[in-house]
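>>> 3D model of this:
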Amino acid sequence: MKIHNKKIENLIIIGSGPAGLTASIYASRAKINPLVIAGVNWGGQLMNTTEVENFPGFPEGVKGPDLMNKMFEQSKKFGTSFEFDDVVYVDFSKDVKLLRTSSKDFWAKSVIIATGATPRKLEIPGEDEFYGRGVSTCATCDGAFFKDKIVAVVGGGDSAMEEANFLTRFATKVYLIHRRDTFRASPIMQDRVKNNPKIEIILNTEVKEVLGDQVVKSIKVFNKQQNKEFVLEIDGLFLAIGHVPVTGFLKNAITLNERGYIVANNHVETNVDGVFVCGDVEDEEYRQAITASGFGCMAALRAQRWLESKGVKVDSSASSY
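Sure, this is the predicted structure:
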């Protein structure tokens, strides 16, 4: 369909992590011919993950990038189109939605937002200055640069445990620093950390400043229990303290909560007719690859029904399992 010589897509999916790619698989099988605006760095957080052990169908585990490549190839197989750019602006005020990337405008009858979340920062002195020069949010990306070095990981969840364990492949010592006295990570991940002789756990402690010259040399930390500040000499600092939803480009186009996550009914229905959501950009509670994929399926099916109600011909039988 075209209006004023502009092609109008039936469905545009913003994002290409487990949620977005699952949505694209369902939508393409239903002959909706979706377009995925995948981002410059496509694939979501799993592209920076080592072993994924809890995604069904992989009893021996699967590397995050391998899983995402399989999803990508499966989506392409059914005819999904891809644009590898980032959406910087949207206008959802009319029946035909406008999506603008850094180089091009797109129009769509319906939209699924699946932009996920990005790693949260500490917001302390030296963090930005030494980002990429000793400060990192991705152990799998940068761990090999710290062979025979001393590093620290900040965080208390499963991601922090995974980062710390992974870094012991390269580093001689890994400090795991957490601001509370207990971890929120799953028991199995905690056990792996506690049983790893290369990892030293430091609880009730906050990182206050990153210090160095050309690269990171140390961090200033404060132990709340001892009410004492001290300097810890390290070569690298890895942040694993949660994520921030990627919603900045929406700019009042859709309802967000106070933390920036998209507000939705039934996890997939936004306040804008014809605009749906799935994955970590909405889900603050579960934040798993499998739940993101599940919500991606739900969003695609809901978009399919919405398009049918608007007279778009789809193949409903493709949603059967």
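
>>> hey, where'd the strands end up in the stretch 101-250 of the chain?
Per DSSP state E, counting those that start in this stretch, the stretch 101-250 of the chain has strands spanning 105-113, 117-119, 135-136, 150-154, 173-177, 199-202, 205-212, 216-223, 228-233, 236-239, 243-245. These are given in chain order.

>>> nearest to residue 187, out of those strands?
Ranking those by distance to residue 187, with Cβ to Cβ as the measure, places strand 199-202 first at 14.9 Å. C-betas here are computed from N, CA, C, even on glycine.

>>> for the closest one, which positions count as buried?
For strand 199-202, the neighbour count (16 or more other Cβ atoms under 10 Å) marks 199, 201 as buried.

>>> name the helices or strands packed onto the top helix by length along the chain?
Ranked by residue count under DSSP state H, the longest helix found in the chain is helix 289-309. Packing contacts for helix 289-309, counted by 3 or more Cβ pairs under 8 Å, 6 or more residues apart in numbering; DSSP states H and E, involve strand 6-14, helix 18-29, strand 105-113, strand 275-277.

>>> so which of the strands of the stretch 101-250 of the chain is nearest residue 126?
strand 205-212 (3.2 Å).

>>> next one: the closest one to chain centre, how far?
Taking the mean of its C-alpha atoms, strand 205-212 sits 25 Å from the chain's own mean (Cα atoms, centre = their mean, to the nearest Å).

>>> ditto for stretch 186-206
24 Å.

>>> kindly format the C-alpha coordinates of it as PDB.
Output for stretch 186-206, consisting of C-alpha atoms alone and laid out as PDB, is shown next (Å, rounded to 0.1, in the frame of the first residue of the first chain):
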ATOM      1  CA  SER A 186      19.800 -17.600  41.900                       C
ATOM      2  CA  PRO A 187      21.300 -20.200  44.300                       C
ATOM      3  CA  ILE A 188      23.100 -22.100  41.500                       C
ATOM      4  CA  MET A 189      24.900 -18.900  40.200                       C
ATOM      5  CA  GLN A 190      25.800 -17.900  43.800                       C
ATOM      6  CA  ASP A 191      27.300 -21.400  44.400                       C
ATOM      7  CA  ARG A 192      29.500 -21.200  41.300                       C
ATOM      8  CA  VAL A 193      30.900 -17.800  42.400                       C
ATOM      9  CA  LYS A 194      31.500 -19.000  46.000                       C
ATOM     10  CA  ASN A 195      33.200 -22.100  44.800                       C
ATOM     11  CA  ASN A 196      35.500 -20.300  42.400                       C
ATOM     12  CA  PRO A 197      38.900 -19.800  44.100                       C
ATOM     13  CA  LYS A 198      39.700 -16.800  41.800                       C
ATOM     14  CA  ILE A 199      36.800 -14.800  43.000                       C
ATOM     15  CA  GLU A 200      36.800 -12.700  46.200                       C
ATOM     16  CA  ILE A 201      33.400 -11.400  47.400                       C
ATOM     17  CA  ILE A 202      33.100  -7.900  49.000                       C
ATOM     18  CA  LEU A 203      29.700  -7.200  50.400                       C
ATOM     19  CA  ASN A 204      28.200  -4.000  51.900                       C
ATOM     20  CA  THR A 205      30.500  -1.900  49.700                       C
ATOM     21  CA  GLU A 206      29.900   0.700  47.100                       C
END
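
>>> next one: phi and psi at the closest residue to residue 314 other than its chain neighbours?
When the adjacent residues along the chain are set aside, residue 314 lies closest to residue 30, with 4.7 Å between them (Cβ to Cβ, 6 or more residues apart in numbering). As for residue 30, its main-chain torsions (degrees, to the nearest 10) stand at phi -80, psi 10.

>>> how close does residue 270 sit to residue 281?
Distance of residue 270 to residue 281, given as Cβ to Cβ, to the nearest Å: 11 Å.

>>> residue contacts, the closest residue to residue 180 other than its chain neighbours?
Leaving aside its sequence neighbours, residue 180 sits nearest to residue 156 (Cβ to Cβ, 6+ apart; 6.2 Å). Counting by Cβ atoms under 8 Å, 6 or more residues apart in numbering, residue 156 makes contact with 178-180, 182-185.
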